[in-house]
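Asks: pasting a predicted model and its sequence here:
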Amino acid sequence: MKITEPGQWQRTSPLAILFFFGKLLKLIGQNAWQSIAPFAAFIFAYEGELVTKIVFAVIAFFIISTSLSVLNYWFFRFQLIDDSILIRQGVVKKTQLDIKFDRIQGINTQQNVVFRYFGLVTVNLDTAGSSGNEGNLPAVTREFADSLRRMIGKVRNGDDGVVADARPDADALLSLDSRDLIRIGLADRRALIVFAVLSPLIERMDDNVYKIAASYVDEAIGGAWQTSIAAGAVIATSAALAVIALLALISIGAAFLRYHNFQLFLEGDTLRSHGGLLTSHELSMNLGKIQTLRLEQGIVMRCFSRYRLSGRQARSSQKQGKNKNFIIPLVNKTQANHLREILLAPEGDDLIQIPTSPEFIPISPNYMRTRFLLISLLPTVVGLAVFSNLIGPASLVFLLWLSASSLLIYQNWRRAGYHCSSDGFVRRSGLVGYRTVALLYRKVQRVTVTQSRYQRRKSLASLRFYMASGSVRIPYIEHDTAKRLRDYALYKVESSQQAWH
Amino acid sequence: MFRNPEIELDDLPDMEDLEWQPMHRHYVRRMLLERLIFAFVLLAASFVPTIASGGKFAPTVPLWVLAIIFALPYLSWPLVSVPRRGYVVRDKDIVFKSGVFWRSVTAVPFNRVQHVETSNTPLDRKFGLANLQIFTAGGSGGDLSISGLGADIAEQLRVYILDKVGASIENH
């Protein structure tokens, strides 16, 4: 497929059928129960041999979904005109998308194993702030994707589009090796979610373990009583260890799938990342689109002294809460500093984002008071008062809550801090790990200074910068500092001649 | 020509001596009326248990006392909160303050405004009031919404802000 004359409708490669098939499967997966219902009805409502019915149902499913995919492919057409791309799609409900090039924030591509063999990619056009208007171009050639990227760059920059050839090894900023991927896998928070999903299963396993242990105990009543308790304990411990190991493996596997051969490189003012084992993902983002830069370090990452860096883009008002992030999953300290200089260039040079830096200014310790009263003291007093009659001295367990939560509040206060330079601001927060968010004053959308009664007495205030990607709040700083920062940020915004996006 | 004059931090315009514009003088009355209407609807609804219990008031008296205790601050709240609101339109931004216990001051620079909206409810129209909503990108935590402006002022502000937004775009 070539890039043809403007004004002609064209189809993508027939392999796009695969893309639509995958999309259909995803849709079925998302509406699992509704999709299974007819199938189940077929299996149970009609008479006949079960195996035959299942075979029949599976064949029918494949025929229907394949023909749907073919139809979807057949009705999918697109054309490029001067400054926009038109997409017509839909079998029954036909839609036409008109995506203006200057609305496109980034062009991301995905390539699964089959597409890779044929040199095809799926292009995802990432548009600013319009959730229903996102375009996918399945199964187009890589050359077409690159030329599209150049065209869009040209329109957006109004110049010849200085986008260089996509050569990952040319000026790579960062690449990840297998050890890094293992680190990502181990530090992944989603491991916990997997754990939460699997926990009912694990509970059931626990039951079985308990039964086995119980049978051991029964057996052992006569004689070797202690050994079987030990055996039960060993079984339980090893089961728990096995689960943890399994979770770690799954998580590492996911990291390999997503980030294998991960490379980050800069082309002009566009940041691109590339990686993935089976399906390779290629993301691109214009540097100017970055609203806030987030550096995070969980407890596992801290052991490896690594960080996770993400650039946040403007979020759409329709899709509340869904941020468009450009994630760099693992960086060390030097890389984090280097990348910050590039990503927030040229103003980000003298910002400090490494959380352990002594440059961070702490917030007022009064921050802890309200939290202590509400989170620690109140539940403890209520708990003691209510439960002391019911469970007697055992209610003293609430004192544990008092000490534990106080400790956490103290940790939270110690982690909180801020740092400002002449062009930007960094907020540090965290509980166990650290998170620092860097922003440039000139990209601020609006500012709020808030004071509670208590804060007024202590002449403290909370400052909140609203960015297009969400807000950044720094609580309990001196009221005068807050006002000065606000006035300075407003001055920066109002005197800035540069676009914020 | 590109200029980059050095700025003395203390010379930056601050908000210490701003002349805060109060809300429209009918706004308190409008708020009181709204709350009264709401209270009357609740009052009508609360006759239902009384009627259901055979028209006897005696058992429901504690409930009535409780209702009055809660209703008084609710009804009189606008008298406290509205005088604490205020706005200032400056050359490059609009500043709005509000809050009784938590006092906040929000500033929206005109060159970050996405669009401006005025709206009014039937009750607003009765008192000649309007709401002005100013939208910026991101839309987190609600955009700046100023209610209780005179309808004419809201319209003037809308035009003024749009004008400023247009000017800031042309400067790019």
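Replies: Structure received.
Asks: OK, contacts around B:Ser81?
Replies: With contacts defined as CB atoms under 8 Å, 6 or more residues apart in numbering or on different chains, B:Ser81 is in contact with B:98-100. Every residue, glycine included, has its C-beta placed from N, CA and C.
Asks: now do 7 Å
Replies: Shown in contact with B:Ser81 (CB atoms under 7 Å, 6 or more residues apart in numbering or on different chains): B:Val100.
Asks: same question for A:Tyr117.
Replies: Going by CB under 7 Å, 6+ apart, the list of residues near A:Tyr117 is empty.
Asks: host element of it?
Replies: Per DSSP states H and E, A:Tyr117 falls inside helix A:113-118.
Asks: in that helix, what counts as buried?
Replies: Residues of helix A:113-118 classed as buried by neighbour count (16 or more other CB atoms under 10 Å in any protein chain shown): A:Phe115.
Asks: ok, and what's touching the helix or strand following that helix?
Replies: Of the helices and strands lying after helix A:113-118 in sequence (DSSP H and E), the nearest is strand A:120-127. Identification of contacts with strand A:120-127 by CB under 7 Å, 6+ apart yields A:13, A:15, A:19, A:99, A:103-111, A:115, A:133-142, A:145, A:148, A:324.
Asks: tell me the mean pLDDT over strand A:120-127?
Replies: For strand A:120-127, mean pLDDT rounds to 82.
Asks: the helix or strand that it is followed by packs against which elements?
Replies: Following strand A:120-127 in sequence order, the next helix or strand is strand A:135-141 (DSSP H and E). Judged by 3 or more CB pairs under 7 Å, 6 or more residues apart in numbering or on different chains; DSSP states H and E, the packing partners of strand A:135-141 are helix A:16-30, strand A:120-127.
Asks: any weak-confidence spans in chain A?
Replies: A:1-7, A:32, A:128-134, A:156-171, A:189-229, A:316-323 (pLDDT under 70).
Asks: now do chain B
Replies: B:1-9, B:53, B:55-58, B:139-142, B:169-172.
Asks: so how many other residues sit close to A:Cys89?
Replies: No, residue A:89 isn't Cys; it's Gln. 18 (other CB atoms under 10 Å in any protein chain shown).
Asks: ranges for the helices of chain B?
Replies: B:27-52, B:61-81, B:122-127, B:151-170 (DSSP state H).
Asks: I meant to write the stretch 201-350 of chain A there.
Replies: A:225-259, A:299-303, A:333-343 (DSSP state H, counting those that start in this stretch).
Asks: for B:Phe135, which of the ones you listed is the nearest?
Replies: Evaluated with CB to CB, those place helix A:333-343 nearest to B:Phe135, the distance being 27.3 Å.
Asks: care to break chain B down by domain?
Replies: Annotated domains of chain B cover B:27-81, B:85-170 [automatic domain parsing].
Asks: what is the end-to-end distance of the first one?
Replies: End-to-end distance of domain B:27-81 (CA to CA, to the nearest Å): 11 Å.
Asks: separation between B:Arg35 and A:Ala57?
Replies: In this view, B:Arg35 and A:Ala57 are 61 Å apart by CB to CB, to the nearest Å.
Asks: kindly state the domain boundaries assigned to chain A.
Replies: Using automatic domain parsing, chain A is parsed into the domains A:186-259, A:290-363+A:416-495, A:367-413.
Asks: out of those domains, nearest to chain B?
Replies: Nearest to chain B among those is domain A:290-363+A:416-495; the distance by CB to the nearest CB comes to 3.7 Å.
Asks: which residue lies farthest from the center of chain B?
Replies: Most distant residue from the mean C-alpha position of chain B: B:Gly54, 43.7 Å away (CA atoms, centre = their mean).
Asks: quick one: that one and B:Thr60, what's the gap?
Replies: 11 Å.
Asks: A:Trp401 now?
Replies: 40 Å.
Asks: show residues contacting stretch A:428-440.
Replies: By CB under 7 Å, 6+ apart, stretch A:428-440 touches A:292-299, A:301-302, A:340, A:344, A:347-348, A:351, A:353, A:355, A:360, A:408, A:411-412, A:415-418, A:423-427, A:465, A:467, A:472.
Asks: let's see 8 Å
Replies: Outside stretch A:428-440, the residues that reach it (CB under 8 Å, 6+ apart) are A:291-299, A:301-302, A:340, A:344, A:347-348, A:351, A:353-356, A:360, A:408, A:411-412, A:415-419, A:423-427, A:465, A:467, A:472.
Asks: how about the residues of the stretch 351-500 of chain A that lie near chain B?
Replies: A:444-453, A:456, A:464, A:466-471, A:483-484, A:486-488, A:490-491, A:493-494, A:496-500 (CB under 8 Å from any CB of the partner chain).
Asks: hmm, back to that, point out the most buried one among the helices and strands packed on strand A:135-141.
Replies: Mean neighbours per residue, mean count of other CB atoms under 10 Å in any protein chain shown, is largest over those for strand A:120-127, with a mean of 22.
Asks: and it, how far out from the chain's middle?
Replies: Distance, stretch centre to chain centre, for strand A:120-127: 19 Å (CA atoms, centre = their mean, to the nearest Å).
Asks: ok, that strand: who's next to it in the sheet?
Replies: strand A:104-111 (antiparallel), strand A:135-141 (antiparallel) (DSSP bridges).
Asks: what's the angle from it to helix A:16-30?
Replies: Per axes from the mean of the first three to the mean of the last three CA atoms, to 10 degrees, the angle that strand A:120-127 makes with helix A:16-30 is 60 degrees.
Asks: from A:Glu494, how far out is the residue nearest to A:Lys458 when sequence neighbours are not counted?
Replies: In this structure, A:Lys458 finds its nearest non-sequential neighbour in A:Asn366, 5.5 Å apart by CB to CB, 6 or more residues apart in numbering or on different chains. From A:Asn366 across to A:Glu494, the span is 32 Å (CB to CB).
Asks: out of those two, which sits in the more crowded spot?
Replies: A:Glu494 (19 against 15).
Asks: which SSE is immediately downstream of the helix or strand containing A:Lys154?
Replies: In the assignment (DSSP H and E), A:Lys154 maps to helix A:142-157. Next in sequence after helix A:142-157, counting helices and strands by DSSP H and E, comes strand A:172-175.
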